[in-house]
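Chemist: please find the sequence and the predicted model below.
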Amino acid sequence: MGVRTALAGALGRLGVEYLDLFLMHWPNPAQGTFVEACKGLRELADEEVIRAWGVSNFKPAHLRRDQAAGLQVPVNQVQVDPETGQKHQLALHREHGIRTAAYSPLGRNGAFMNSPAVAGTAAEMGKTPGQIVLPWRVQSGRVAVPKSVDDRREKENLDVFRSP
């Protein structure tokens, strides 16, 4: 499936006509076509069919293959949370001007959210643990994409910069 077909399907499923950011979820290196797919994404952005493009779960070796093909990947979405630091990945992103988008920025099962450093600080500041971790993420220069099926938690996530 080409990127134009994938975009058309995504737009249809979402019921929208345009996307600000379109990500390739995984390079699937066994297929060997991720560089060509990235070229297709860049073309969509160049044609202003989408505002921006990026990738998700690309490791340094994948990013280097894109760079060798003359592609500057603008965004790589990887799991980054206080327990999953991804030091080498983030260093490569900084070195090459790749914006890091963090998925699961509050962790998977977030045991660290109950740590005294997070929960204690949250209690002292009249905030939730998530409202302590999310601003740290943004202030670290990374995009945070938290998700929740709980309406209350979604509102808390959107309200991270309010004063108590």
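Modeler: Perfect, thanks for sending it. Residues are numbered from 1 along each chain as shown.
Chemist: residues near Gln31, how many?
Modeler: For Gln31, the count of nearby residues is 9 (other Cβ atoms under 10 Å). For every residue, glycine as well, the C-beta is placed using N, CA and C.
Chemist: from Phe22, how far off is it?
Modeler: According to Cβ to Cβ, to the nearest Å, Gln31 and Phe22 sit 19 Å apart.
Chemist: now stretch 65-83: how far from the chain's centre is it?
Modeler: Centroid separation for stretch 65-83 versus its chain: 10 Å, with Cα atoms, centre = their mean, to the nearest Å.
Chemist: dump it to CSV, restricted to CA.
Modeler: Extracted in CSV, the C-alpha atoms of stretch 65-83 (Å, rounded to 0.1, in the frame of the first residue of the first chain):
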residue,chain,number,x,y,z
ARG,A,65,19.2,4.9,6.3
ASP,A,66,16.7,7.7,5.8
GLN,A,67,19.5,10.2,6.2
ALA,A,68,21.7,8.3,3.7
ALA,A,69,18.8,8.7,1.2
GLY,A,70,18.8,12.5,1.7
LEU,A,71,15.7,12.5,4.0
GLN,A,72,15.6,14.6,7.2
VAL,A,73,13.0,12.9,9.4
PRO,A,74,11.3,15.8,11.3
VAL,A,75,9.6,13.8,14.1
ASN,A,76,10.2,10.4,15.6
GLN,A,77,7.6,9.1,18.1
VAL,A,78,9.2,6.8,20.6
GLN,A,79,8.3,5.6,24.1
VAL,A,80,9.9,8.0,26.6
ASP,A,81,9.0,8.3,30.2
PRO,A,82,10.9,8.7,33.4
GLU,A,83,11.6,4.9,33.5
